[in-house]
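Colleague: Sequence plus predicted model, see below.
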Amino acid sequence: MTPLRDLPLIKIFLILYNFAWRIALPFLKRLPRVALGWQQRTLQDAVQGPFDIWIQAASGGESMLTAMVLEDLAALLPKDTTWRVLVTSGTQQGIESLVTGCRIFSANSTLAITVAYFPFDAPQLMDQAFKRFSPALAVIVETELWPGFLISAKRNTVPVLLINGRMSVKSAARYRHFAGFFKKYGPEKVLAISPADGERFARIVGRERVRLINNIKFDRIETGKTVPERIQIAGLLPKSDPFLLLGSIRRQEEEKILWTIERILATRPDVVIGLFPKHVERAGHWLGLLEKKHISATKRSEMTTCVSSGSVIVWDTFGELAGAYGLARAAFVGGSLVNLGGQNFLEPLIFGLKPVIGPYWRNFAWVGREIVTAGLVQEVADENELVTELLAALDADPERDRVIQQVEEFFLPKKGGTHQVCQQIINTLTELGKI
């Protein structure tokens, strides 16, 4: 490895990057979300190593994947093994998800897990972090290529593994300007989730460092779940009337969804509609919109008895969306009628319900377009097609058992990414003499 002192451009970069962080930190401390965990972010209150693994999960989504990897890793390790693992995140959501997801390991002797906020990427802080944490292996979940982190890892001879790697075309174009840097200081190995992602990483870090794995997210898809909330919700719905669910509706598509509700109730006055705003604070606004259209509506939190046909239940409580999918005859998953990237349309499939989505679902492009061509998800171009498809779904038999079987057959070849990642971690630490 070339010593950093022999790379004058890196020295200049580190000086300027450190200076930028020094200026930024007083301003960052004023931001409520960033101020959370400030003592840990600045290493004033930092845990002490050595750790066998340091895993960085940017936010909530990456934290859930991290918990899956740790659960699988704990099952693979010999029972007489104890690894110290530090897991970090840059957001409160990520920290809470890690704490919740790793609770299962509190009684597991193979992994001793510590959760903390990710230090700021100021090179001086990162140097301190690597010295204090002293990890044998550093793992990045998905894509978060902090230069201070990467340089400090290289300086401390800590190999970096990037797992479940994904990179958009836009990000790849930006990173390619610094390909020389990443070829020297980038991850030693990248486990990419698709040939396209693998090719983008190869152009940046070098083809020899990249290999393909199945997306860990597919391992989260478990069909036929039993959700206790279903029983509670079922008591609020007329047994003879079909239940239509409009899930995770975003503010920007409210006008289109309101029009959809009007058209559906005009054709099918026997339907009960469950409306789940993505942000529950929009529930009051939705009641106002529906009242202006003379549509009967009530908040979920105010319900004590069964609603009547032709009503809309506006959900203003958390934790019942999954149970509602388990009861619906038809469902639309929002964030997809306007260019917002889409919300999670896999959840209704878990319960044997084929969802309808709009044309904008780039947030879930990793699933692959074949989920539409296979007929498991119905894509519509606009609200006109949405009304047509939802009415057709309300008239059809959901055939949940058959759909669940189709879902299992579709996703089975795509699973196994978690195990592939764990094997790579074990192999790397074996090479380092840790096993």
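Modeller: Structure received.

Colleague: Give me the helices and strands touching the helix or strand where Val403 lies, please.
Modeller: When elements are assigned from DSSP states H and E, Val403 belongs to helix 400-411. Where contact means 3 or more Cβ pairs under 8 Å, 6 or more residues apart in numbering; DSSP states H and E, helix 400-411 is packed against helix 346-350. Glycine gets a C-beta too; all of them are placed from N, C-alpha and C.

Colleague: Give the pairing partners of the helix or strand following the helix it packs on; include direction for each.
Modeller: Using DSSP H and E, the helix or strand that follows helix 346-350 towards the C-terminus is strand 356-357. Strands adjacent to strand 356-357 in the sheet, as given by DSSP bridges, are strand 330-333 (parallel), strand 378-379 (parallel).

Colleague: which residues touch the first one?
Modeller: The set of residues that contact strand 330-333 without belonging to it, under Cβ atoms under 8 Å, 6 or more residues apart in numbering, is 242, 244-248, 260, 325, 342-345, 347-348, 353, 355-357, 386, 390, 393-394, 398.

Colleague: Adding distance to Val115, write the strands paired with strand 356-357 out as a markdown table.
Modeller: Shown next, in a markdown table, are the strands paired with strand 356-357 (distance: least, Cβ to Cβ, whole Å):
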| stretch | distance to Val115 |
| --- | --- |
| strand 330-333 | 31 |
| strand 378-379 | 39 |
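
Colleague: Give me whichever of these is most buried.
Modeller: Of the strands paired with strand 356-357, the one with the most neighbours on average (mean count of other Cβ atoms under 10 Å) is strand 330-333, at a mean of 27.

Colleague: distance between that one and the chain's centre?
Modeller: Counting by Cα atoms, centre = their mean, to the nearest Å, strand 330-333 is centred 20 Å from the centre of its parent chain.

Colleague: what mean pLDDT does it have?
Modeller: Across strand 330-333, the average pLDDT comes to 98.

Colleague: cool, and stretch 379-392?
Modeller: Throughout stretch 379-392, pLDDT has a mean value of 98.

Colleague: Verify the contact between Glu291 and Ala297 for me.
Modeller: Yes - Glu291 lies in contact with Ala297 (Cβ atoms under 8 Å); the separation is 7.0 Å.

Colleague: more crowded one of these two?
Modeller: Legend: neighbour count by other Cβ atoms under 10 Å for Glu291 and Ala297, higher for Ala297 (20 against 11).

Colleague: right, and that one touches Ile313 too?
Modeller: Yes - at 7.5 Å, Ala297 counts as touching Ile313 under the criterion of Cβ under 8 Å.

Colleague: which ones are touching Leu212?
Modeller: 191-195, 198.

Colleague: State the distance from it to Leu429.
Modeller: Note on Leu212: its distance to Leu429, by Cβ to Cβ, to the nearest Å, is 22 Å.

Colleague: State the helix or strand in which Ile53 lies.
Modeller: Using DSSP H and E, Ile53 sits within strand 51-56.
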